[in-house]
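**Student:** everything below, folded, please.
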Amino acid sequence: MTLTSDQTSSQSDKLSAQQRLKQIDAMLTQSQPLWRSRSFECEQLPWSDAFPSLANTVWQLSDDSLEQIDACQHRLNEVLLPALAADLNAQGQQWPLALFSQSAIGSPVKNESVSQAITAIPSLLSLEDEPHFSAHIKGRKWQQINAFVAKLPRDNTSVLEWCAGKGHLGRLIAKAHQREVVSLEWQQSLCDAGEQFAAKWKLAQTFICADAFAGQSEQLHTEQLAVALHACGDLHVTLLKHASHAGTKQLVISPCCYHLIQAKQYQPLSSVANASALTLSRADLQLPLQQSVIANDKHKGYRLQEMAWRLGFDALQRKVRGANEYLPVPAVKQSQLKGTFEDFCRWAADAKGVSLPLNIDWQEYLLIGEQRQRLTRRIDLVAHLFRALLEQWLLLDRVCFLEEQGYQVNLSEFCANSITPRNALIHAFK
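**Tutor:** Residues are numbered from 1 along each chain as shown. Predicted structure coming up:
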């Protein structure tokens, strides 16, 4: 495997994908108490006894600073790693803390947040054509599509677009590269819309309405380029398995939403990951996706208020039910947050079938909720130290699997973090 970032750490460059995966696996295994805690279920820092310096550091941070720190992995490392190093030194332990300086693809972490100005990406279409192809696509998504297509190998190989939707990615490939594209999508209405656009623009793009989980071995060929931009969880894993079985010569994918899997626990792909002691739940697999995008004050206020209200109700339901366990509450409409905390709790209690007593000190439970919100944010902040490491573990599992199937594999980024944090690109070829 090779890294194709402009900045590649010398240490990572010397190690094979298997060696890197083993190294990160050992790190994640021994550090589990710091990143696997379910923050909403905690009533205190679950690791404070073992990591007192780290606990002291997070409580010294102001509430207002947490969002800015969390949005930038470089800043997060600067703030938390000295305290973690002090605790490890006191324990007589040595962890390879240099791993925290790597992004999800193993290149050096950049000093930028996900909310910084979007990097301009040259358009692949003419000024006349682009508005028609980008219509009804949000700005960042269109930039992602352009950036992804710009990274594809340019030849005459036909393309299979996996989980195509309306085929926005495939139509840009067909137009900009002048090559044949087959777009696979299971919703007939989306196929119909895609076919209409392709016919109008005379694109060499056809649609097949089919279920990606069914394998679709007849759609995968040796002389073919299979592409998937942000196909979630099992969908892109299914493509990797079936394309490698079919001997498809080239695959280019950008994974997303690792937690959207059918099994209750992550099913490793490579022999190295299969030998790991890590057992990852769906909740664990959400960690790489937990990167803050700094919102405006109004939306930030609503989010923090909702968190405090949920945790306040949680304290109340534990008392009422006599059960010291977290009780998930359904999604909340923003309009509900314009009411009172009492209104919210009564709605939540009704939704979960909890009978509330008559005399409740609502202010007491609101205060508990606000205190636990401060706690939850700090537990999450420490866990977020490990989000890039866990995503690198997941990406390397895919890389190692493909190498085991006889592919050469490049792992790179196809766009800036500010366009999408899910910017990893796996290019496998034979």
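**Student:** low-confidence stretches in the stretch 101-250 of the chain?
**Tutor:** 112-120, 215-217 (pLDDT under 70).
**Student:** do a quick rundown of the helices in the stretch 151-300 of the chain.
**Tutor:** For the stretch 151-300 of the chain, helices defined by DSSP state H, counting those that start in this stretch occupy the ranges 168-177, 188-200, 233-246, 271-274, 282-285, 297-321.
**Student:** tell me which of those sits nearest to residue 387.
**Tutor:** helix 282-285 (10.8 Å; CB to CB). Backbone N, C-alpha and C define where each C-beta goes, glycine included.
**Student:** quick one on the thing from earlier: to residue 391, which of the helices of the stretch 151-300 of the chain lies closest?
**Tutor:** helix 282-285 (9.6 Å).
**Student:** hmm, who's touching that closest one?
**Tutor:** Contact partners of helix 282-285, identified using CB atoms under 8 Å, 6 or more residues apart in numbering, comprise 36, 38, 233, 258-259, 261, 264-266, 390, 394.
**Student:** now these: which count as buried?
**Tutor:** Buried by 16 or more other CB atoms under 10 Å: 36, 233, 258-259, 261, 266, 390, 394, out of the contacts of helix 282-285.
**Student:** closest one to residue 162 out of those, please.
**Tutor:** Closest to residue 162, out of all of the buried ones among the contacts of helix 282-285 and judged by CB to CB, is residue 233, at 12.9 Å.
**Student:** give me every residue that touches the closest one.
**Tutor:** 256-261, 285.
**Student:** excluding chain neighbours, what is closest to residue 163?
**Tutor:** Nearest in space to residue 163, with sequence neighbours left out and distances taken as CB to CB, 6 or more residues apart in numbering, is residue 231 at 4.4 Å.
**Student:** same question, residue 150
**Tutor:** residue 124 (6.5 Å).
**Student:** which helix or strand lies directly C-terminal to the one helix or strand residue 400 maps to?
**Tutor:** Taking DSSP states H and E as the definition, one finds residue 400 inside helix 387-404. Following helix 387-404 in sequence order, the next helix or strand is strand 408-413 (DSSP H and E).
**Student:** gap between the residue lying closest to residue 156 once chain neighbours are set aside and residue 160?
**Tutor:** Nearest residue to residue 156, sequence neighbours excluded (CB to CB, 6+ apart): residue 179, at 6.2 Å. Applying CB to CB, to the nearest Å, the value for residue 179 to residue 160 is 12 Å.
**Student:** and these two? Which one has more around it.
**Tutor:** Higher neighbour count among residue 179 and residue 160: residue 160, with 25 against 18, using other CB atoms under 10 Å.
**Student:** who are the contact partners of that one?
**Tutor:** Counting by CB under 8 Å, 6+ apart, residue 160 touches 181-182, 184, 219-221, 224-227, 248.
**Student:** let's go with 6 Å and repeat that
**Tutor:** Neighbouring residues of residue 160 by CB atoms under 6 Å, 6 or more residues apart in numbering: 182, 224, 226.
**Student:** hmm, the second one is touching residue 248, no?
**Tutor:** The reference is to residue 224. Yes: between residue 224 and residue 248 there is a contact at 5.2 Å, judged by CB atoms under 6 Å.
**Student:** looking at those two, which is more packed in?
**Tutor:** More crowded of residue 224 and residue 248, by other CB under 10 Å: residue 248, with 25 against 21.
**Student:** now the strands for the stretch 101-250 of the chain?
**Tutor:** Assigned by DSSP state E, counting those that start in this stretch, the strands in the stretch 101-250 of the chain fall at 159-161, 181-185, 205-209, 225-232, 250-256.
**Student:** can you redo the ones you listed as CSV with distance to residue 314?
**Tutor:** As requested, the strands of the stretch 101-250 of the chain are arranged in CSV below (distance: least, CB to CB, whole Å):
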stretch, distance to residue 314
strand 159-161, 44
strand 181-185, 40
strand 205-209, 44
strand 225-232, 29
strand 250-256, 30
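**Student:** out of those, nearest to residue 146?
**Tutor:** Minimum separation from residue 146 across these (CB to CB) falls at strand 225-232, 10.9 Å.
**Student:** may I see the buried residues of whichever strand or helix holds residue 29?
**Tutor:** Using DSSP H and E, residue 29 maps to helix 17-30. Under the neighbour-count criterion of 16+ other CB under 10 Å, helix 17-30 has 17-18, 20-25, 27-28 buried.
**Student:** out of these, which comes closest to residue 56?
**Tutor:** Of those, the one sitting nearest to residue 56 (CB to CB) turns out to be residue 27, at 23.3 Å.
**Student:** tell me how far the nearest residue to residue 47 once chain neighbours are set aside lies from residue 317.
**Tutor:** Counting by CB to CB, 6+ apart, the nearest residue to residue 47 once its immediate chain neighbours are dropped is residue 33, at 4.9 Å. In this view, residue 33 and residue 317 are 27 Å apart by CB to CB.
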